[in-house]
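Chemist: what follows is a predicted structure for the sequence shown.
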Amino acid sequence: AQKVTQAQTEISVVEKEDVTLDCVYETRDTTYYLFWYKQPPSGELVFLIRRNSFDEQNEISGRYSWNFQKSTSSFNFTITASQVVDSAVYFCALSRTTSGTYKYIFGTGTRLKVLA
Amino acid sequence: SAVISQKPSRDICQRGTSLTIQCQVDSQVTMMFWYRQQPGQSLTLIATANQGSEATYESGFVIDKFPISRPNLTFSTLTVSNMSPEDSSIYLCSVGRAAQETQYFGPGTRLLVL
């Protein structure tokens, strides 16, 4: 079965704290792609990062970093020194090819609240 | 990346009526997708729309309820037919080229059915 689990439904932190959002996936595919999106209160989905299954290098972009571990099927997202503007729902997604097309499987999302 | 617009951005409709949502992309794209996001929930794929062929619907979604058109590589419409309050959701279109590439999403259409 193809599945993405975001066990943390909601997280609240105080501004400047670090926070990690967990994402665990299940797939039988040997080649697959993982994504993180941010959905602020405005509703639009904002792309954050893409990672393919054969590249396990961690990535850092400013205050954001991602830890991809195939051994544990996890693709976790850390925000360092969180800010109020980071408050949003964050979705992890798995992309897979099926029957000549492809589609995303989304996790249920983690709502992050950063308090001033 | 792609710039995607949707019309309308929001609407309030009466039950039993239908609403057509438009999705316009600023470049030609192979695949367009329609998602539904019910309040407080994740995104659920309704269908994949490829130009020149019928849309492919996911389990639980049928063409009679959600007819889709894809007349060219930059435009698609989704109609929500015979609406009920359970159809109140955000409807999003997205575009993509392949599994390894990023899908980009439109701003969404917020639908409230009374």
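Modeler: Here it is on my side, so go on. Owing to the predicted nature of the structure, the values given are computational and were not obtained by experimental measurement.
Chemist: grab the nearest non-local neighbour of A:Gln8.
Modeler: Among residues not flanking A:Gln8 along the chain, A:Thr110 sits closest, at 4.6 Å (Cβ to Cβ, 6 or more residues apart in numbering or on different chains). (Each C-beta comes from the backbone N, C-alpha and C, glycine too.)
Chemist: phi, psi of that neighbour?
Modeler: Backbone dihedrals for A:Thr110, given as degrees, to the nearest 10, come out at phi -120, psi 120.
Chemist: look up how far A:Asn58 lies from it.
Modeler: For A:Thr110, the distance to A:Asn58 equals 19 Å [Cβ to Cβ, to the nearest Å].
Chemist: looking at these two, which is more packed in?
Modeler: A:Thr110 (21 against 12; other Cβ atoms under 10 Å in any protein chain shown).
Chemist: surely the more buried one and A:Thr20 touch.
Modeler: No: if you go by Cβ atoms under 8 Å, A:Thr110 and A:Thr20 don't touch, sitting 10.0 Å apart.
Chemist: centre of the chain versus stretch A:71-90, how much separation?
Modeler: Its chain's C-alpha centre and that of stretch A:71-90 lie 7 Å apart, by Cα atoms, centre = their mean, to the nearest Å.
Chemist: does it come close to chain B?
Modeler: No: with Cβ under 8 Å from any Cβ of the partner chain as the measure, stretch A:71-90 is seen stopping short of chain B, the closest distance being 8.9 Å.
Chemist: can you give me the end-to-end distance of that stretch?
Modeler: 23 Å (Cα to Cα, to the nearest Å).
Chemist: quick check: chain neighbours aside, which residue is closest to residue 27?
Modeler: Reading this off chain A. A:Gln2 (5.2 Å).
Chemist: chain B was what I was after
Modeler: With Cβ to Cβ, 6+ apart, the residue lying closest to B:Ser27 is B:Ala2, at 5.6 Å.
Chemist: now do the phi/psi pair for that neighbour.
Modeler: According to degrees, to the nearest 10, B:Ala2 has phi -130, psi 150.
Chemist: then the one 5 residues further on?
Modeler: For B:Lys7, the backbone dihedrals are phi -130, psi 140 (criterion: degrees, to the nearest 10).
Chemist: quick one: contacts for the residue nearest to A:Gln8?
Modeler: Counting by Cβ atoms under 8 Å, 6 or more residues apart in numbering or on different chains, A:Thr110 touches A:6, A:8-11, A:21-22, A:89-90.
Chemist: change it to 10 Å
Modeler: Applying Cβ atoms under 10 Å, 6 or more residues apart in numbering or on different chains to A:Thr110 gives the contacts A:6-11, A:19, A:21-23, A:77, A:88-92.
Chemist: three-state assignment of B:Glu86?
Modeler: helix (DSSP: H, G, I helix; E, B strand; the rest coil).
Chemist: name all residues that make contact with B:Pro85.
Modeler: By Cβ under 10 Å, 6+ apart, the neighbours of B:Pro85 are B:15, B:112-114.
Chemist: would you list every one of the strands in the chain?
Modeler: I went with chain A, as the question did not name one. A:3-5, A:10-14, A:19-21, A:24-26, A:33-39, A:46-52, A:59-61, A:64-69, A:74-79, A:88-98, A:101-106, A:110-115 (DSSP state E).
Chemist: ah, I was thinking of chain B
Modeler: Using DSSP E, strands in chain B cover B:4-7, B:10-13, B:19-25, B:31-37, B:44-50, B:56-57, B:68-72, B:75-80, B:89-96, B:104-105, B:109-113.
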